[in-house]
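S.K.: no sequence on hand, only this structure:
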């Protein structure tokens, strides 16, 4: 989403906060004694994020930060009154310092560095060329993130198809594959997976445990695209020709100095996973580990280094501005705070106010129901954004990364796949969705509205997910 406009999706990623909330409960919040009233600010903020950009766009555009701050205050103040200022402060700071900061630093870096990379030139959007671009974008999404891949490739694919009378479907499938499904193989790919990494999931766990599901879903969706694009391309053959508004120029990748910086981001994350010096620092009672501080400092430095190394003209051609990342930063901060009590309740499991939700994903024998995890995570990810939803169900499944990567690997795979894949079901399901939608509309593409897009996802994605769910998690 031009993040500001599509803040709905990106912001929802804020749901990542569940992890933080859990940490908060560990630090003094009695989740078993807390009622569902504590979840109202979280629900209110998510509802604001989902409806604000669509129903009261101008108010939201100018005041989204204040709205997020108001919902956050409705958590912080009652927590301080009910459980004391020290406990409330430590719970909130733990969420912000240990999870939010690392999350937003990574997003900032990927957004900034990818904004300096420009794929210039004109490509002619035949069905095979479009399919090739979608494949490249999907593969790139797990390396530089769905946001980075979407920002780099959406304008080239729009230019490639700007002389075709039927081109909205290309953007729709771009959102399916590049902005969502393609980001399922590494923590860099999609916010929920990075949140899992921050919670202790190994960097390459998703690569080795989700490649089958990703390959199946990706191939089926790509085949559907090829069939539709071939039909529409043939229909266009008999229609009056539209002059190509983009002159033919050599296709070139510019801003190559940013590629080593992206590699450096990956290296910093791998470093933090492998290097455990056992050194930590206390900030207002919150322990911060040295390897995580070093990782975030390196990533931030690489992002800032990208600015002087990139040509201003490349960023201008990409339509780069700070609005989207600023909006995500403010909204995510609000979500990370609002989800603190929710996570505390979830950590109470069957003894908490959300026990019915726990029962839905647990069989009569007490074992996890992987298919239920896949669909419930995915259904909520469609509207609340995948990152926050991932954390909720990560905690419901026990929240222990060691167990989830081994005995309950299929459960973690179901949660991960549901969160990443089904973020494509709506415009607000994942950060890049609305951004791509807004960019395409600005370029004159007749994109379907909110429910029109859901009709596409309902016809293409839902049947694919039904088959994938029973095939891998049934």
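M.R.: Noted; the coordinates are in hand. Since the model is a prediction, treat every value here as computed from it, not as a measurement.

S.K.: okay, CA-based contacts and neighbour counts for the rest of this
M.R.: Fine.

S.K.: tell me how many other residues surround residue 187.
M.R.: 28 (other C-alpha atoms under 10 Å).

S.K.: with the one 5 residues further on instead?
M.R.: Other residues near residue 192 come to 29 when the count uses other C-alpha under 10 Å.

S.K.: swap in residue 63?
M.R.: Neighbour count of residue 63, defined by other C-alpha under 10 Å: 12.

S.K.: and the host helix or strand of it, what does it pack against?
M.R.: Using DSSP states H and E, the element containing residue 63 is helix 57-83. Secondary-structure packing of helix 57-83 (3 or more C-alpha pairs under 8 Å, 6 or more residues apart in numbering; DSSP states H and E): helix 40-55, helix 85-95, helix 323-347.

S.K.: for the helix or strand following the longest one, what is the average pLDDT?
M.R.: Going down the chain from helix 323-347, the next helix or strand is helix 355-360, by DSSP H and E. The average of the pLDDT scores along helix 355-360 is 80.

S.K.: gap between helix 355-360 and the chain center?
M.R.: Chain-centre distance of helix 355-360: 25 Å, with C-alpha atoms, centre = their mean, to the nearest Å.

S.K.: which residues sit against it?
M.R.: 346, 349, 350, 372, 396 (C-alpha atoms under 8 Å, 6 or more residues apart in numbering).

S.K.: quick one: buried residues of stretch 316-332?
M.R.: The neighbour-count check on stretch 316-332 (16 or more other C-alpha atoms under 10 Å) flags 318, 320, 324, 325, 326, 327, 328, 329, 330, 331, 332 as buried.

S.K.: could you dump these into CSV with distance to residue 100 added?
M.R.: Below are the buried residues of stretch 316-332 laid out as CSV (distance: C-alpha to C-alpha, whole Å):
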residue, distance to residue 100
318, 27
320, 23
324, 17
325, 14
326, 14
327, 14
328, 11
329, 9
330, 11
331, 11
332, 7
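
S.K.: and which of those is nearest residue 449?
M.R.: Checking the buried residues of stretch 316-332 against residue 449 by C-alpha to C-alpha gives residue 324 as the nearest, at 20.8 Å.

S.K.: and that closest one, how far is that from residue 306?
M.R.: Computed as C-alpha to C-alpha, to the nearest Å, the residue 324 to residue 306 distance reads 18 Å.

S.K.: before we move on, back to that, could I get the buried residues of stretch 316-332 as CSV with pLDDT?
M.R.: Formatted as CSV, the buried residues of stretch 316-332 follow (pLDDT from 0 to 100):
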residue, pLDDT
318, 75
320, 81
324, 76
325, 80
326, 84
327, 81
328, 77
329, 85
330, 88
331, 84
332, 81
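
S.K.: distance of residue 127 from residue 98?
M.R.: Distance from residue 127 to residue 98, by C-alpha to C-alpha: 45 Å.

S.K.: contacting residues for the closest residue to residue 230 other than its chain neighbours?
M.R.: Distances taken as C-alpha to C-alpha, 6 or more residues apart in numbering place residue 127 nearest to residue 230, at 5.9 Å, with adjacent residues excluded. Residues near residue 127 by C-alpha under 8 Å, 6+ apart: 226, 229, 230, 233.

S.K.: pick out the residue closest to the middle of the chain.
M.R.: Nearest to the mean C-alpha position of the chain, by C-alpha atoms, centre = their mean, lies residue 191 at 4.0 Å.

S.K.: per-residue pLDDT, that residue?
M.R.: pLDDT, residue 191: 81.

S.K.: nearest to residue 255 among the buried residues of stretch 316-332?
M.R.: The closest of the buried residues of stretch 316-332, once distances to residue 255 are taken by C-alpha to C-alpha, is residue 318, at 11.3 Å.

S.K.: thinking the closest one is in contact with residue 115, fair?
M.R.: Yes. Look at residue 318 against residue 115 with C-alpha atoms under 8 Å: they come within range, at 6.6 Å.

S.K.: check contacts around the residue nearest to residue 370 when sequence neighbours are not counted.
M.R.: What sits nearest to residue 370 in space, not counting adjacent residues and going by C-alpha to C-alpha, 6+ apart, is residue 411, at 5.1 Å. By C-alpha under 8 Å, 6+ apart, the contact list for residue 411 reads 368, 369, 370, 373, 397, 404.

S.K.: from those residues, which land in helices?
M.R.: Of the positions in those, 370, 373, 404 sit in helices, assigned by DSSP state H.

S.K.: to what extent is the last one buried, counted in neighbours?
M.R.: It stands for residue 404. If we define neighbours as other C-alpha under 10 Å, then residue 404 has 18 of them.

S.K.: my read: it touches residue 412, true?
M.R.: Yes. The pair residue 404 / residue 412 is scored as a contact, 5.8 Å apart, by C-alpha under 8 Å.

S.K.: common neighbours of these two, please.
M.R.: By C-alpha under 8 Å, 6+ apart, residue 404 and residue 412 have these common neighbours: residue 397.

S.K.: beyond the host helix or strand of residue 222, next helix or strand please.
M.R.: If you go by DSSP H and E, residue 222 is part of helix 205-237. Scanning forward in sequence from helix 205-237 by DSSP H and E, the next helix or strand is strand 252-254.

S.K.: list the buried ones in that next one?
M.R.: Within strand 252-254, judged by 16+ other C-alpha under 10 Å, no residue is buried.

S.K.: check stretch 250-259 too.
M.R.: Buried, per 16+ other C-alpha under 10 Å, within stretch 250-259: 255, 258.

S.K.: SS state for residue 319?
M.R.: Here residue 319 is recorded as coil under DSSP: H, G, I helix; E, B strand; the rest coil.

S.K.: quick check: phi and psi on it?
M.R.: phi 70, psi 30 (degrees, to the nearest 10).

S.K.: so the residue nearest to the centre of the chain is in contact with residue 391, correct?
M.R.: No. Using C-alpha under 8 Å, residue 191 is not in contact with residue 391; the gap is 10.4 Å.

S.K.: low-confidence ranges in the chain?
M.R.: 1-28, 238-249, 364, 384-385, 388 (pLDDT under 70).

S.K.: could you point out which of the helices and strands packed on helix 57-83 sits nearest residue 165?
M.R.: Of these, nearest to residue 165 by C-alpha to C-alpha is helix 40-55, at 26.6 Å.

S.K.: now residue 156: which helix or strand?
M.R.: Element membership for residue 156 (DSSP H and E) is helix 127-160.

S.K.: what angle sits between that helix and helix 205-237?
M.R.: Helix 127-160 runs at 80 degrees relative to helix 205-237, counting by axes from the mean of the first three to the mean of the last three C-alpha atoms, to 10 degrees.

S.K.: and the next element down the chain from helix 127-160?
M.R.: helix 168-177.

S.K.: now the angle from that following helix to helix 127-160?
M.R.: Using the same axes, to 10 degrees: helix 168-177 against helix 127-160 is 100 degrees.

S.K.: so which elements touch helix 168-177?
M.R.: Using 3+ C-alpha pairs under 8 Å, 6+ apart, helix 168-177 is in contact with helix 127-160, helix 205-237, helix 431-442.

S.K.: try 7 Å this time
M.R.: Other helices and strands packing on helix 168-177, by 3 or more C-alpha pairs under 7 Å, 6 or more residues apart in numbering; DSSP states H and E, are helix 127-160.
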